[in-house]
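> I would like the atomic coordinates for the input below:
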Amino acid sequence: MEDPHAAAMHGGAGQARKEIEAALKIRRETGDRSGEAEALHELASIECQQRNYKEARDRFDAALKIWREIGDRSGLAGTLIQLAWIHGIQGNHQEGREVVEEALTILREIGDRSGEAEMLHESAMIHLAQGGCKGAREGFEAALTIRREIGEGSVGEARALHGLASIELLQRNFEEAREGFEAALTIRREIGDHGGEAAALHQLALIDMYQGNLKRARDGFEAALTILREIGDLGGMGQACYNLGTLAGNLSRRRAALELLLVSAVIDSTIGHRDAGSRWRAARKMAKEARVPLEEVESRAEEMSRHIREGMVSSVIQKALDAFPWLRSE
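Okay, the predicted model is just below:
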């Protein structure tokens, strides 16, 4: 799922946190249970903005408990949607599926068609991540139908085209996948959907890499990274760095590959993604091939992690890209 919190500013979030925490205290003192749940939800959203996903889940879970106790189905659905987004970011597919199914049931009960389309899309993404092409296709098409019915056709069409193209890519139907991503990219640009634009550019670069168009692949990944850095999509940055690292490694540029793979591993660890372990294994394997001592790898990773926590992710990525300049001049 695309990150709805990507453009958050840390300073503004800090002030908002203080105000909401003060409101939460008052609502608890006055016994305003609905207001308490709303404040917890808002605080969880701030944690999402700052990529503190464990804290966000704890806040959302606390809000869910209250929504269930007071029987507020609309509030419950809204919080479940946000939890589904976190599970998607972290790659927790089974937990995500359970949340999505509960959310869909409630959204249909209360007649929230837009929310239903969103959860159908998320369900399709889970199917896709687990290799279930049939279920993914059905989900994307169902979400598109609803979005067209409620007047969200452009957004829905772009997301559905992207999802359906992802199925073709999974099945290695590269030309069909390229056609779908390019169609989605056109719509994303027309409606100003920068996150979606970056996602399409990234997938097109992946196709180029698979087909051996290495310079175009690098250009595509870098174009996606530029947008991802602008909007603050940390998960997207990690994925793009991983694929750039893979590209460098396949061409025996091992030191550059190691730097990029380390960035990816550190980012995935920062956001708590389930792929973090495999990212670290890829980085350590590359370190061995590049004959870089483990102590040096660990020291570099600690430095990256510290800089990312301090909000310097763009400089960390730029340093990694500077280690991989050779395709630019070809």
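> which element is residue 106 on?
Secondary-structure element containing residue 106, defined by DSSP states H and E: helix 93-110.
> buried stuff in stretch 280-297?
Buried positions in stretch 280-297, judged by neighbour count with 16 or more other Cβ atoms under 10 Å: 280, 282, 283, 284, 286, 287, 290, 292, 297. For glycine as for every other residue, the C-beta is placed from the backbone atoms N, C-alpha and C.
> which non-adjacent residue is nearest the second one?
Pointing back at residue 282 there. With Cβ to Cβ, 6 or more residues apart in numbering as the measure, residue 261 is the residue that lies nearest to residue 282, at 5.3 Å, once sequence neighbours are left out.
> could you say what helices and strands the helix or strand where residue 117 lies packs with?
Applying DSSP H and E as the criterion places residue 117 in helix 113-129. Counting by 3 or more Cβ pairs under 8 Å, 6 or more residues apart in numbering; DSSP states H and E, the packing neighbours recorded for helix 113-129 are helix 73-90, helix 93-110, helix 133-149, helix 153-170.
> packing partners for the first one?
So that's helix 73-90. helix 33-49, helix 53-70, helix 93-110, helix 113-129.
> reformat those as CSV; add mean neighbour count.
CSV is the format used below for the helices and strands packed on helix 73-90 (neighbours: other Cβ atoms under 10 Å):
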stretch, mean neighbour count
helix 33-49, 21
helix 53-70, 18
helix 93-110, 18
helix 113-129, 22
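> you'd agree the residue nearest to residue 282 is up against residue 245?
Yes: taking contacts as Cβ atoms under 8 Å, residue 261 lies within contact range of residue 245: 3.9 Å.
> overlap in contacts of these two?
282, 283, 286 (Cβ atoms under 8 Å, 6 or more residues apart in numbering).
> what sits against the first one?
Taking Cβ under 8 Å, 6+ apart, we find residue 282 in contact with 242, 245, 246, 261, 264, 265.
> my guess is the third one meets residue 254, correct?
No: with contact defined as Cβ under 8 Å, residue 246 and residue 254 do not form a contacting pair (12.0 Å).
> in helices, which of the contacts of residue 282 appear?
If you go by DSSP state H, those have 242, 245, 246, 261, 264, 265 in helices.
> okay if I get those residues as CSV plus neighbour count and distance to residue 109?
Shown next, in CSV, are the ones in helices among the contacts of residue 282 (neighbours: other Cβ atoms under 10 Å; distance: Cβ to Cβ, whole Å):
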residue, neighbour count, distance to residue 109
242, 23, 40
245, 27, 46
246, 18, 45
261, 28, 46
264, 29, 41
265, 29, 42
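> wait, residue 258 sits on residue 280?
No: contact criterion Cβ under 8 Å: residue 258 and residue 280 do not qualify, at 11.9 Å.
> phi, psi of residue 72?
Dihedral angles of residue 72 (phi, psi; degrees, to the nearest 10) stand at phi -90, psi 100.
> where does this structure dip in pLDDT?
Within the chain, the segments meeting pLDDT under 70 span 1-13, 326-330.
> if you set the cut-off to 50 instead, what comes out?
For the chain, the stretches with pLDDT under 50 are 1-11, 329-330.
> state the distance from residue 59 to residue 144.
Taking Cβ to Cβ, to the nearest Å as the measure, residue 59 falls 32 Å from residue 144.
> I should have written residue 231 there, sorry.
As judged by Cβ to Cβ, residue 231 and residue 144 stand 24 Å apart.
> for these two, indicate the residue with more neighbours.
Taking residue 231 and residue 144 together and counting by other Cβ atoms under 10 Å, residue 144 has the greater number of neighbours (24 against 18).
> mind checking the SS state of residue 258?
At residue 258 the chain is in helix, as set by DSSP: H, G, I helix; E, B strand; the rest coil.
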